[in-house]
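Participant: Below is the sequence, then the predicted model.
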Amino acid sequence: MYDETRPERPHRTAAVIPAAGRGVRLGPGAPKALRTLAGTPMLIHAVRAMARSRAVSLVVVVAPADGIGEVKNLLDEHPLPERTETLVVPGGDTRQESVRAGLDALPEDITTVLIHDAARPLVPVDTVDAVVEAVRDGAPAVVPALPLADTVKEVEPAGPGTPEPVVATPERSRLRAVQTPQGFDRDTLDRAHAAIAVNGEGATDDAGMVEKLGVTVVVVPGHEEAFKVTRPLDLVLAEAVLARRRATDAY
Ligand SMILES: Nc1ccn([C@@H]2O[C@H](COP(=O)(O)OP(=O)(O)OP(=O)(O)O)[C@@H](O)[C@H]2O)c(=O)n1
Ligand SMILES: C[C@](O)(CO)[C@H](O)COP(=O)(O)O
């Protein structure tokens, strides 16, 4: 409820980009975030995607611990609009630890945080803005997501080469494939990470940690081009999207 005796906290939004993964599923080569798409490192595409939003005034890149200097050089070589500051911090052994390192580096005045995978370099600015707007409208946690095209089965995992028994078929119309940026009220996300540090349970995304607090997470429409570059075929798709953007002057 609005309390007129309490001064409004100014909204300031930061994007934290976990970029410290190795990219094992992509195959041998440089760390995934440093591999190029249309000649530009994936990380730079992701940083630009955040900086395109006028709401984002700070981008924190969580880099491989042995790649801090290289990432700083890349950011110097690819300047952003003047309104966007950048910070680079070393990541951890898991995505969760890397996100925590990014959160720890945020200045006090940040009230809204976006967590965005470097591995989703092509997310359109409208998706970023929709997430920020939903947080600013009062949702403590917001994820962009799309309905699924495939039917999904829950299985009893078995060893390699052993057929896995199906245990359930969730109703597809109720399922969503979740993307990033995921947007949060900063205090809520800090609480979620602190709780996980105590109980030790992990989650494959940040919203999952907030759900464990019992806080409602809401979904806004995601975008097909916000897909995660995970396996080699994703590189082919990403290059095709960039070629189409260049041909239509949309980039
Ligand atoms: N220790 C880690 C692991 C992952 N990430 C980041 O989290 C995002 C999503 O992770 P994923 O796509 O799984 O990247 P990788 O861990 O690099 O991929 P893989 O699992 O194939 O090694 C990526 O931007 C990745 O750089 C990170 O910052 N720190
Ligand atoms: C955060 C995420 O991109 C949401 O779909 C996904 O969970 C990351 O998973 P990964 O295995 O770390 O790539």
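Facilitator: Now that the structure is in, tell me what you want to look at. What you are looking at is a predicted structure, and each value in this text was computed from that prediction instead of being measured. Numbering: from 1, shown residues only. Ligands and ions are numbered 1, 2, ... in the order given.
Participant: Residue 216 and residue 140 touch, don't they?
Facilitator: Yes. With contact defined as Cβ atoms under 8 Å, residue 216 and residue 140 form a contacting pair (7.4 Å). Using the backbone N, CA and C atoms, a C-beta is placed for each residue, glycine as well.
Participant: ok, these two, which is more surrounded?
Facilitator: Taking neighbours as other Cβ atoms under 10 Å, residue 216 and residue 140 compare with residue 140 leading, 20 against 10.
Participant: Hmm, residue 186 and that one touching each other?
Facilitator: No. Assessed by Cβ under 8 Å, residue 140 is found out of contact with residue 186, at 9.8 Å.
Participant: Counting by contacts, list what the helix or strand of the chain with the lowest mean pLDDT packs against.
Facilitator: None of the helices or strands of the chain scores lower by mean pLDDT, DSSP states H and E than helix 186-199, at a mean of 89. Judged by 3 or more Cβ pairs under 8 Å, 6 or more residues apart in numbering; DSSP states H and E, the packing partners of helix 186-199 are helix 95-104, strand 112-115, helix 206-212.
Participant: CA atoms only: put whichever helix or strand comes after the shortest one into CSV for me.
Facilitator: In this case it means strand 112-115. Next along the chain after strand 112-115, taking DSSP states H and E as the criterion, comes helix 125-136. What follows is helix 125-136, C-alpha atoms only, in CSV (Å, rounded to 0.1, in the frame of the first residue of the first chain):
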residue,chain,number,x,y,z
VAL,A,125,14.7,-4.9,-26.1
ASP,A,126,10.9,-5.1,-26.0
THR,A,127,11.2,-8.3,-23.9
VAL,A,128,13.7,-6.6,-21.6
ASP,A,129,11.4,-3.6,-21.1
ALA,A,130,8.4,-5.8,-20.5
VAL,A,131,10.2,-7.5,-17.6
VAL,A,132,11.4,-4.2,-16.1
GLU,A,133,7.9,-2.7,-16.4
ALA,A,134,6.3,-5.7,-14.6
VAL,A,135,8.8,-5.4,-11.7
ARG,A,136,8.3,-1.6,-11.5
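Participant: Buried residues of helix 125-136, list them for me.
Facilitator: 125, 127-128, 130-132, 134-136 (16 or more other Cβ atoms under 10 Å).
Participant: residues from this protein in reach of ligand 1?
Facilitator: Contacts of the chain with ligand 1, taken as Cβ under 6 Å from any ligand atom, map to 18-25, 32-33, 62, 91-95, 98, 117-119, 228, 230.
Participant: So which of those sit within strands?
Facilitator: 18, 62 (DSSP state E).
Participant: Which ones, among the residues of the chain next to ligand 1, also lie beside ligand 2?
Facilitator: 95, 117, 228.
Participant: Contacts for the longest helix belonging to the chain, please.
Facilitator: Longest helix in the chain, counting residues (DSSP state H): helix 232-247. Helix 232-247 is touched from outside by 26-27, 35, 37-38, 121-122, 225, 227-229, 250-251, with contacts defined as Cβ atoms under 8 Å, 6 or more residues apart in numbering.
Participant: so which of these comes closest to ligand 2?
Facilitator: Nearest to ligand 2 among the contacts of helix 232-247, counting by Cβ to the nearest ligand atom, is residue 228 at 5.3 Å.
Participant: Can you report phi and psi for the closest one?
Facilitator: Here is the backbone geometry of residue 228 (degrees, to the nearest 10): phi -90, psi 130.
Participant: Report how many residues lie close to it.
Facilitator: Neighbour tally, residue 228, other Cβ under 10 Å: 14.
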